[in-house]
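> any chance you could fold what I've pasted below:
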Amino acid sequence: MNSIRLLCLFLGVSLASFAQQPWNGKKCAVVLTYDDALNVHLNNAIPALDSAGFKGTFYISGSFPGFTQRLQDWRKAAQRGHELGNHTLFHPCDASLPGRQWVNPENDLSKYTLKRITEEIKVTNVLLEAIDGKKSRTFAYTCGDAKVGTQFFMDGLKGELMAARGVRGEMHPVDQIDLYYTDGYIVNNDSGEKMTSLVKKAMQTNTLLVFVFHGVGGEHSLDVSLAAHRELVHFLKQHEKDIWVAPLVDVADFLKQQKR
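Numbering: from 1, shown residues only. So this is what the prediction gives:
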């Protein structure tokens, strides 16, 4: 809070004013994240974001064909300001949990060692740096799974990553965010109206809202229609004076600055 007071004095604004616009001078922050390096992210999502002047966070699973077969396209996306985030090499998920029969036994996170998941994430960081030249990186937990056995594997990776995104649908104010389990709302065939209602709530409560997209107009069972996605982007653009739309790496950097 002392750093916030000093910032307010420097900028000549009151604490009350800051409380109403705590997110880089705006009411709330919205992060648009897209998981799994799908072709539709390059074909559909990025053009929609570019047309509005927004930057998204794209969580890359390094072995997926939507990444390996389109390296130059991802490099161009990064050059235009989109974040390439770490989503592991092989997208392991915990097959011991209910409803996880679909998990490939070779990618069963419950059978991983702490060393294996740690090294897989570190290698993915190196791979992504070779594409975008950047060292600051955020991470998204595959299937929202954050543990190997009883161990929270991010504990040993905080020096490698700026933040990590989960899939628990919640919003939090500036001073109540766990950067290494940043909550996100999974979008699953949601309407534009439902998504914009979440944005309105974030504006009213001065909180961080993170969307978790997979398919955008197809290519994944967790999908959002092009029309609904377009409606959300249009709403964000219409209310840009009140909403800070930014990649998670920028939001994480902002939050870390507030704590100094």
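
> all contacts plus neighbour counts: C-alpha atoms, from now on.
Will do.

> alpha carbons only: can I get the top strand by length along the chain in PDB?
Assignment by DSSP state E gives strand 28-35 as the longest strand of the chain. Extracted in PDB, the C-alpha atoms of strand 28-35 (Å, rounded to 0.1, in the frame of the first residue of the first chain):
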ATOM      1  CA  CYS A  28     -10.400  -3.600 -14.400                       C
ATOM      2  CA  ALA A  29      -8.000  -5.800 -16.300                       C
ATOM      3  CA  VAL A  30      -9.000  -8.500 -18.900                       C
ATOM      4  CA  VAL A  31      -6.600 -11.100 -20.200                       C
ATOM      5  CA  LEU A  32      -7.500 -13.200 -23.200                       C
ATOM      6  CA  THR A  33      -5.700 -16.500 -23.100                       C
ATOM      7  CA  TYR A  34      -5.800 -19.300 -25.700                       C
ATOM      8  CA  ASP A  35      -4.600 -22.800 -24.900                       C
END
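
> now do whatever helix or strand comes next after that strand: everything it contacts.
Using DSSP states H and E, the helix or strand that follows strand 28-35 in sequence is helix 39-40. Contacts to helix 39-40, defined as C-alpha atoms under 8 Å, 6 or more residues apart in numbering, come from residues 66, 215-219.

> which parts of the helix or strand following helix 39-40 are buried?
For helix 39-40, the following helix or strand on the C-terminal side (DSSP H and E) is helix 46-52. Of the residues in helix 46-52, 46, 48-49 count as buried by neighbour count, 16 or more other C-alpha atoms under 10 Å.

> same check on stretch 149-168?
153-154, 157, 160-167.

> now swap in stretch 112-131 and tell me
For stretch 112-131, by 16+ other C-alpha under 10 Å, it's 112, 114, 117-118, 120-125, 128, 131.

> for L49, see how far away H234 is.
According to C-alpha to C-alpha, to the nearest Å, H234 stands 10 Å off from L49.

> noted, bye for now.
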